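# Below are the sequence and a predicted model; questions follow.
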Amino acid sequence: MNAFESIQVLKKNMSKSIIGQQKLIDQLILVLLANGNVLLEGLPGLAKTRAIKALSKELNCGLSRIQFTPDLLPSDITGTEIYQPETEEKFIFQKGPIFNNLILADEINRSPAKVQSALLEAMEERQVSVAGKTYKMEPLFMVMATQNPVEQEGTYPLPEAQMDRFLMHVTIDYPDNNSELAIMRLNRAEQKKSEPLVTEKLSPQVIFDAREEISQVKISESMERYIVDLISATRTPEKYNEELASWIDFGASPRGTIAIDRAARTHAWMEGKSTVTPDNIRAVVHDCLRHRLILSYEANAEGITANDVINEVLKFVAVVG
């Protein structure tokens with residue numbers, strides 16, 4: 001099988017255990033192929049943890065789960081130096097759970113900003129600096145952070161600098177009734193199984209091969225300008241509409257432009273296309289910009305969400321060329 005066929009198999013296998021959340025599966029694979037990190041927001045029990053476990057189960061790679069709590073320390077994530085007098089160097093660096101392929105940062109907003117920021121260097125630079133030394137991450141590396149959108153007591157909002165490091169902010173909702181029924185039956189069937197079925201895992205090389213093919217996906221100048229115009233509309237909304245301007249305090253950074261470009265090319269490849277179309281851009285723009293817009297007090301007071309703002313931007317910005 002080539003890389004495209006292998007990714008289709010990966011999606012199909014994950015869909016067998018993640019029911020009613022096809023968007024979650026698609027976006028999780030998309031972010032991995034785009035070499036990014038993802039923030040998942042959804043109520044408890046919506047298969048967030050199960051999704052990344054299913055991904056690691058299908059891929060021949062490691063998974064670390066970090067449960068964020070108020071008493072967590074940065075060294076609990078990155079690792080620390082251990083004094084060992086019998087060795088020549090005296091201090092030995094003991095790697096933390098961040099040194100793995102897939103990282104589940106569960107309920108990331110449960111810890112203070114100092115702990116959250118321990119992920120910043122790993123997410124952006126793919127390395128960790130401890131005691132003046134730099135340690136590289138694995139070539140295949142992705143952070144999937146989760147947060148609960150409802151329960152806010154005892155939580156710490158993620159700093160804007162860290163939010164910007166996530167390629168996508170994906171929101172998930174309840175499954176429909178038919179999917180709920182299938183979930184119940186799947187859980188019942190899993191309870192009866194004494195031993196899990198052993199399936200052949202995909203090699204991480206499949207991901208690297210797919211990334212190489214994605215880098216060959218073409219994007220025309222008109223599509224590039226469409227992305228830039230969308231970003232520009234979030235920074236200077238007064239050029240388009242007064243009401244839109246009253247909703248936005250700060251627009252997306254250049255990381256938003258880069259994120260849409262990477263995600264749109266990956267989305268096109270996952271659909272078997274060799275060039276990016278406006279539909280590919282529109283398919284990823286909400287997840288790429290949702291966490292990069294700072295809305296005004298007026299917008300919050302009126303119940304306007306980032307999705308509403310992005311929908312308005314899409315109405316006003318046209319494809320030129």
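Now that the structure is in, tell me what you want to look at. The structure displayed is predicted, hence computed values, not measured ones. Numbering: from 1, shown residues only.
# Against which helices or strands is the least confident helix or strand in the chain by mean pLDDT packed?
Lowest mean confidence among the helices and strands of the chain (mean pLDDT, DSSP states H and E): helix 160-163, at a mean of 80. Packing contacts for helix 160-163, counted by 3 or more C-beta pairs under 8 Å, 6 or more residues apart in numbering; DSSP states H and E, involve helix 120-125. Where C-beta positions appear, they are placed from N, C-alpha and C, glycine not excepted.
# Please export the alpha-carbon coordinates of the helix it packs on; PDB is fine.
C-alpha atoms of helix 120-125 as PDB (Å, rounded to 0.1, in the frame of the first residue of the first chain):
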ATOM      1  CA  LEU A 120       5.800  25.500  24.700                       C
ATOM      2  CA  GLU A 121       9.400  24.700  23.600                       C
ATOM      3  CA  ALA A 122       8.500  21.100  22.900                       C
ATOM      4  CA  MET A 123       5.500  22.100  20.800                       C
ATOM      5  CA  GLU A 124       7.200  24.700  18.700                       C
ATOM      6  CA  GLU A 125      10.900  23.800  18.600                       C
END
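# List the buried residues of it.
Glu121, Ala122, Met123 (16 or more other C-beta atoms under 10 Å).
# now stretch 106-120
Asp106, Glu107, Ile108, Asn109, Arg110, Ser111, Val115, Gln116, Ala118, Leu119.
# Next step: those residues restricted to strands.
Asp106 (DSSP state E).
# burial of the closest residue to Lys95 other than its chain neighbours, as a residue count?
Closest residue to Lys95 apart from its sequence neighbours, by C-beta to C-beta, 6 or more residues apart in numbering: Gly79 at 4.4 Å. Around Gly79 there are 18 other residues, counting by other C-beta atoms under 10 Å.
# following the host helix or strand of Thr257, which helix or strand comes up?
Assigned by DSSP states H and E, Thr257 belongs to helix 254-270. As assigned by DSSP H and E, the chain's next helix or strand after helix 254-270 is helix 278-289.
# hang on, the earlier thing: can you tell me which of the buried residues of stretch 106-120 are in helices?
Among those, the ones falling in helices (DSSP state H) are Val115, Gln116.
# Just send the buried residues of stretch 106-120 back as CSV, with distance to Asp209 too.
Shown next, in CSV, are the buried residues of stretch 106-120 (distance: C-beta to C-beta, whole Å):
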residue, distance to Asp209
Asp106, 30
Glu107, 34
Ile108, 31
Asn109, 35
Arg110, 37
Ser111, 36
Val115, 36
Gln116, 33
Ala118, 32
Leu119, 28
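# Quick one: the buried residues of stretch 106-120 as TSV, columns for pLDDT and distance to Ala259 too.
Output for these, formatted as TSV (pLDDT from 0 to 100; distance: C-beta to C-beta, whole Å):
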residue	pLDDT	distance to Ala259
Asp106	91	23
Glu107	90	24
Ile108	89	19
Asn109	87	21
Arg110	87	25
Ser111	86	25
Val115	85	24
Gln116	83	20
Ala118	82	22
Leu119	85	17
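# follow-up on the earlier one: relative to Lys239, which of the buried residues of helix 120-125 is nearest.
Met123 (33.1 Å; C-beta to C-beta).
# mind checking how far that closest one is from Leu314?
Applying C-beta to C-beta, to the nearest Å, the value for Met123 to Leu314 is 28 Å.
# which ones are touching Phe250?
By C-beta atoms under 8 Å, 6 or more residues apart in numbering, the contact list for Phe250 reads Leu293, Ile294.
# go again using 6 Å as the cut-off
Ile294 (C-beta atoms under 6 Å, 6 or more residues apart in numbering).
# The residue sitting nearest the centre point of the chain pairs with what?
In the chain, the residue lying closest to the centroid (C-alpha atoms, centre = their mean) is Val38, at 1.1 Å. Beta bridges link Val38 to Met144, Met168, judged by DSSP bridges.
# do the same with Thr134
What pairs with Thr134, by the bridge criterion (DSSP bridges), is Ser129.
# any idea how far it is from Ile219?
Taken as C-beta to C-beta, the span from Thr134 to Ile219 is 34 Å.
# Glu81: which element?
If you go by DSSP H and E, Glu81 is part of strand 79-83.
# got the buried residues for that strand?
So for strand 79-83, counting by 16+ other C-beta under 10 Å, buried means Gly79, Thr80.
# Kindly export that strand (C-alpha atoms) in CSV.
What follows is strand 79-83, C-alpha atoms only, in CSV (Å, rounded to 0.1, in the frame of the first residue of the first chain):
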residue,chain,number,x,y,z
GLY,A,79,12.1,15.7,33.3
THR,A,80,14.8,16.6,35.8
GLU,A,81,18.4,16.0,36.6
ILE,A,82,19.1,13.3,39.2
TYR,A,83,22.2,13.3,41.3
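# And the strands in this structure, which stretches?
Using DSSP E, the strands of the chain run over 38-41, 63-67, 79-83, 91-95, 102-106, 127-130, 133-136, 142-147, 168-171, 248-250, 294-295.
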